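Engineer: I would like the atomic coordinates for the input below:
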Amino acid sequence: MDQELKDILERLETSVGKLENGQAQTNTKLDRIDKRFDAIDQKFVEVDKRFDAIDQKFVEVDKRLDAVDSRLENLETGQIELKDMLKHSTTLLIENFTSIRQDIRQRDTEMNADINLLFRKTEKNERDIEKIKSKLKI
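Structural biologist: Next comes the predicted model:
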C-alpha cells in the first residue's frame, strides 16, 4: 500500500508539475495577449487623437465657411445697394436730360420767334425805306 500511495503521489506530483507547467505556459500566453491588447489600446488612443484632430479641423472649416457665408451675405447686400443707387442715379440723369431737352426746345422756339420778329421788322423797315426813297425821287 505504501507503494501504491507512492505511485499515486508520484502521479499526483507529475500531474501537478504538468499543471504548473501548463499554467506557466498559459500565463506566458496571457502575458503576450495582454501586451498585444495594450498595443491595440495604444493604437486606439492614437486613432482617437487623430479623430479629435480631424474633428478640430472640421470645426475650423465650419467656422471659416460661416465667415465666408457672412461675407457673401454682406457682398450680396452691397450689390443690392449698388443696384439701387445706380437705378436712382440713372433716373435722376434721365430727368435732368429731359429737363435740358425741354429747356433747349423752349429756347430754340423763343429764338426762332425772335428771329422771325427781327426779319419782319427788317422787312417793314426796308419797305419804309423804299417808300421814303420813292417819295424822295419824285
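
Engineer: Show me where this structure has its helices.
Structural biologist: Secondary structure of the chain (DSSP state H): helices located at 2-137.

Engineer: which regions of it lie under the pLDDT threshold?
Structural biologist: 138 (pLDDT under 70).

Engineer: residue contacts, Gln102?
Structural biologist: For Gln102, the contact set (C-beta atoms under 8 Å, 6 or more residues apart in numbering) is empty. From N, CA and C alone the C-beta is placed, and that goes for glycine too.

Engineer: how much space between Thr77 and Glu20?
Structural biologist: Distance, Thr77 to Glu20, using C-beta to C-beta, to the nearest Å: 84 Å.

Engineer: typed the wrong thing, it's Asp103
Structural biologist: Taking C-beta to C-beta, one finds Asp103 at 122 Å from Glu20.

Engineer: got it, and Asp48?
Structural biologist: 41 Å.

Engineer: now Asp41
Structural biologist: 30 Å.

Engineer: Check Phe44 too.
Structural biologist: Distance from Phe44 to Glu20, by C-beta to C-beta: 35 Å.

Engineer: Arg107 too?
Structural biologist: 128 Å.

Engineer: How about Asp62?
Structural biologist: Asp62 is 61 Å from Glu20, by C-beta to C-beta.

Engineer: And Lys131, by the same measure?
Structural biologist: Taking C-beta to C-beta, one finds Lys131 at 163 Å from Glu20.

Engineer: And for His88?
Structural biologist: 100 Å.
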